[in-house]
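In: Structure of the sequence below:
(chains A and B)
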Protein chains: 2
Amino acid sequence: MMVSDIVRELKKAQSIGVITHINPDGDAVGSVLAIALALKKLKKSAVVIKNDIIPDKYKFLPGQELITCIDDITAALDILIVLDCGDADRLGNGICLLEKAKTVINIDHHISNTMFGNLNLVDTNAAATAEIVYQVIKLTGARLDMDIATCLYTAIVADTGCFRYDNTTQVTHTICGELISLGVKSNRIITRLFHERTLPQLKILGMAVNSLKIFHGGKTAVMMVTKDMMEDSGAAQGDLENVIDFGRDVSGVEIAVLMKEVEDNSVRIGFRAKDDVDVSSIARGFGGGGHKKASGCTLKGSLSEALEMVLGEIDKIFGVRQ
Amino acid sequence: MMVSDIVRELKKAQSIGVITHINPDGDAVGSVLAIALALKKLKKSAVVIKNDIIPDKYKFLPGQELITCIDDITAALDILIVLDCGDADRLGNGICLLEKAKTVINIDHHISNTMFGNLNLVDTNAAATAEIVYQVIKLTGARLDMDIATCLYTAIVADTGCFRYDNTTQVTHTICGELISLGVKSNRIITRLFHERTLPQLKILGMAVNSLKIFHGGKTAVMMVTKDMMEDSGAAQGDLENVIDFGRDVSGVEIAVLMKEVEDNSVRIGFRAKDDVDVSSIARGFGGGGHKKASGCTLKGSLSEALEMVLGEIDKIFGVRQ
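Out: Sure thing, here's the model as predicted:
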């Protein structure tokens, strides 16, 4: 399917709902708000349909007034646009809306997309779904104002780790260059997405970093987070996100491990690998799973018992522990 | 002066030296290596003249074999290209070379540039000197290979804080998009410049973060680094770079303070402000200096004495301490 086919359908329609996957990330939230704002400019009756909680860090995005609940969609929709969603099952409660729409348009960049729409525009070369949404909006002729540009820019920097990940292409930079020229406050957006932390987030980061121990001559870094640390810092589960990266990013470290004491005498363990090491096999060996460079598992026992088990497995990769 | 004027001079010349300011940053190092590599492709006798230590983090850049010492420049140069250097005094020992060159070409993006060259190409709209160097290289017709592209990309991401600072423009993104299309390993470069830490750097970061205290209802964050912490972590002075940002980036914080115990019963203090607060006046009040959003001073006394003095000044901004 081409961008022009999608635009032709949109132009014919009047009532359009936009939805994304549950547990939405920056690309998901930014993309749905951008296209809904653009459709409003084209005098369409457009709403963003909420099927999950939107993380606080994306509440600054324009277009929040277009968000509506699933239950409020009573009449049939001319079009349901599903964005950044590889599989209809990831719509959560929103899956019922597939029946309620005359046409389902599926726009995505995931290689695993199941092509569940009536029209499917899947470009796996796009760094973010927002890159495809940008092309669609451009072709509709809707004016790219600063609100739409802010949503698109946020979506793209979120999905590329601020132009860091290998999905970043020349197209990514060309689009973001244009968005910046429209006045997007890129400094504030990047700061908010990648640098700002709440006090509990910073406290648990400091405690985790202070717990760091090095093994295998500097190749393994282990951080341990106790229940007491979580309580003392006031941190919630999500506040540990990205803490493990500080271990991985130490010069010379090849495997970073973050062990978190949880209820029922269990330890939740995350692994991160740099370059050539594969940590998915370690996690799988303990009944967990994940990717080559990021995996996880849960072990029964105390932190020190779990540490011994994990180090025993990493010994097999790096040899005798130093 | 136009880019074409510079290129015409370069084409006529044979022996060309390239130099930058002392205490070189990423834009300085990347720019000199990029232009020297390009001049070699044009069959010029080109060298990068070393007037200061090049930080380890830029040792991965291609073209290191073109670096030579000032003392090795015995014959007169047809051209000395001075890059990213606002003032001839910032050349350090290299200032003597201004006399040894038939023509001095000054290429820079600082608004304060004193136009000390015979030819001056100063573009204050450029986010990095490397953006201007890119234009020069393109016009010479030298092939932009991956080595040159790597130097230019590194220089630009260094001077824009990875596209974060407000100097980033559409041109910045357009250039970096092209450099990426040439195969630049952007992920590795960004990781190396902004995320990688040595073990002592991570340890002192963890200790500093753990020392963080909040005042004025969350508007002031203070971190304190003792001599013992420096010793225990194995950190050197430069390893504290950017640690204060972790205080500034806490949600709600408007002033971040980092206090470091130094010799002679003194405390070295850094201030960072978010948004609208001006910390240069605080530092000046204590005999220091700096900018509105980043300043510093040194106080006599213990850490706790210095803390009281500093908080007393901040009380005047935020009112009664909470």
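In: from here on, contacts and neighbour counts on C-alpha atoms
Out: Will do.
In: what pLDDT, on average, does stretch A:284-301 get?
Out: For stretch A:284-301, mean pLDDT rounds to 93.
In: touching chain B at all, it?
Out: No: using CA under 8 Å from any CA of the partner chain, stretch A:284-301 stays clear of chain B, with a minimum separation of 14.6 Å.
In: which residues touch the closest residue to A:V3 other than its chain neighbours?
Out: Nearest in space to A:V3, with sequence neighbours left out and distances taken as CA to CA, 6 or more residues apart in numbering or on different chains, is A:V136 at 5.8 Å. Contact analysis of A:V136 by CA atoms under 8 Å, 6 or more residues apart in numbering or on different chains lists A:3-4, A:6-7.
In: same thing with A:M146?
Out: With CA under 8 Å, 6+ apart, A:M146 has these contacts: A:179, A:182-184.
In: Low-confidence stretches in chain A?
Out: Residue ranges of chain A with pLDDT under 70: A:322.
In: quick one: the helices in the stretch 51-200 of chain A?
Out: Under the criterion DSSP state H, counting those that start in this stretch, the stretch 51-200 of chain A contains helices at A:97-100, A:129-140, A:146-160, A:170-181, A:186-190, A:199-210.
In: can you list those in JSON lines and add distance to B:H195?
Out: Output for the helices of the stretch 51-200 of chain A, formatted as JSON lines (distance: least, CA to CA, whole Å):
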{"stretch": "helix A:97-100", "distance to B:H195": "43"}
{"stretch": "helix A:129-140", "distance to B:H195": "26"}
{"stretch": "helix A:146-160", "distance to B:H195": "15"}
{"stretch": "helix A:170-181", "distance to B:H195": "21"}
{"stretch": "helix A:186-190", "distance to B:H195": "15"}
{"stretch": "helix A:199-210", "distance to B:H195": "15"}
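In: which ones are touching A:N210?
Out: Applying CA under 8 Å, 6+ apart, the residues contacting A:N210 are B:203, B:206-207.
In: Out of these, which comes closest to chain A?
Out: B:G206 (4.7 Å; CA to the nearest CA).
In: Can you verify my assumption that A:D166 contacts B:N187?
Out: Yes: between A:D166 and B:N187 there is a contact under CA atoms under 8 Å: 6.2 Å.
In: which phi and psi does A:V262 have?
Out: phi -120, psi -180 (degrees, to the nearest 10).
In: Spell out which parts of chain A neighbour chain B.
Out: A:162-166, A:169-174, A:176-178, A:180-181, A:186-187, A:190-191, A:195-199, A:202-203, A:205-207, A:209-210, A:246, A:249-251.
In: Mind checking which of the residues you listed are buried?
Out: Buried members of those, counted by 16 or more other CA atoms under 10 Å in any protein chain shown: A:162-165, A:169-174, A:176-178, A:180, A:186, A:190, A:196-197, A:199, A:202-203, A:205-207, A:209-210, A:246, A:249-251.
In: Could you break chain A into its assigned domains?
Out: As given by automatic domain parsing, the domain ranges for chain A are A:3-195, A:199-318.
In: closest to B:K102 out of the ones you listed?
Out: Nearest to B:K102 among the domains of chain A is domain A:3-195 (39.6 Å), distances taken as CA to CA.
In: circling back to that earlier point, I'd like the domains of chain A written out as CSV, with distance to B:G92 added.
Out: Shown next, in CSV, are these (distance: least, CA to CA, whole Å):
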stretch, distance to B:G92
domain A:3-195, 34
domain A:199-318, 32
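In: quick one, which of those is nearest to B:D108?
Out: domain A:3-195 (22.3 Å).
In: tell me the contacts of the residue in the stretch 1-150 of chain A positioned nearest to chain B?
Out: Using CA to the nearest CA, A:K57 is the residue of the stretch 1-150 of chain A that sits closest to chain B, at 11.1 Å. Residues counted as contacts of A:K57 (CA under 8 Å, 6+ apart) are A:192-193.
In: For A:A294, which non-adjacent residue is spatially closest?
Out: A:R272 (4.6 Å).
In: neighbouring strands for the helix or strand harbouring the one you found, and are they parallel or not?
Out: Assigned by DSSP states H and E, A:R272 belongs to strand A:266-273. Strand A:266-273 has the following sheet partners, assigned by DSSP bridges: strand A:255-262 (antiparallel), strand A:294-300 (antiparallel).
In: Of these, which stretch is the most buried?
Out: strand A:255-262 (a mean of 24; mean count of other CA atoms under 10 Å in any protein chain shown).
In: re earlier: among the contacts of A:N210, which are in reach of chain A?
Out: Checking those against chain A (CA under 8 Å from any CA), the matches are B:203, B:206-207.
In: okay if I get the residues you listed as a markdown table plus distance to B:N51?
Out: Listed next are these as a markdown table, based on distance: CA to CA, whole Å:
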| residue | distance to B:N51 |
| --- | --- |
| B:K203 | 32 |
| B:G206 | 35 |
| B:M207 | 35 |
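In: Looking at those, which is nearest A:T154?
Out: B:G206 (29.5 Å).
In: Now do the same contact list for the nearest residue to the closest one once chain neighbours are set aside.
Out: Nearest residue to B:G206, sequence neighbours excluded (CA to CA, 6+ apart): A:G206, at 4.7 Å. Counting by CA under 8 Å, 6+ apart, A:G206 touches B:205-207, B:209-210.
In: make it 10 Å
Out: A:200, A:233, A:243, B:202-203, B:205-212 (CA atoms under 10 Å, 6 or more residues apart in numbering or on different chains).
In: give me the element A:S31 is part of.
Out: helix A:26-41.
In: just checking, next helix/strand downstream of that helix?
Out: Assignment by DSSP H and E places the next element after helix A:26-41 at strand A:45-50.
In: Which strands and helices lie in contact with that next one?
Out: Secondary-structure packing of strand A:45-50 (3 or more CA pairs under 10 Å, 6 or more residues apart in numbering or on different chains; DSSP states H and E): strand A:15-20, helix A:26-41, strand A:67-69, strand A:77-83.
In: how close does A:D228 get to A:E65?
Out: Per CA to CA, to the nearest Å, A:D228 is found 41 Å from A:E65.
In: just A:A221 next, same as before
Out: Counting by CA to CA - A:A221 and A:E65 are separated by 45 Å.
In: of the two, who's got more company?
Out: A:A221 (27 against 10; other CA atoms under 10 Å in any protein chain shown).
In: would that one count as being in a helix?
Out: No: A:A221: not assigned to a helix; according to DSSP: H, G, I helix; E, B strand; the rest coil it is strand.
In: what's across from it in the sheet?
Out: Where A:A221 sits in a bridge, its partners, by DSSP bridges, are A:I214, A:A256.
In: In this structure it contacts A:E254, no?
Out: Yes: if you go by CA atoms under 10 Å, A:A221 and A:E254 touch, sitting 8.1 Å apart.
In: Mutual contacts of these two, please.
Out: With CA under 10 Å, 6+ apart, A:A221 and A:E254 have common neighbours A:247-248, A:272.
In: quick one: which of those residues is most hemmed in?
Out: Sorting the shared contacts of A:A221 and A:E254 by how many neighbours each has (other CA under 10 Å) puts A:G247 first, at 29 neighbours.
In: which helices and strands does the helix or strand hosting that residue pack with?
Out: A:G247 belongs to helix A:243-248 when assigned by DSSP H and E. Applying 3+ CA pairs under 10 Å, 6+ apart, one finds that helix A:243-248 contacts helix A:199-210, strand A:220-225, strand A:255-262, strand A:266-273, helix B:199-210.
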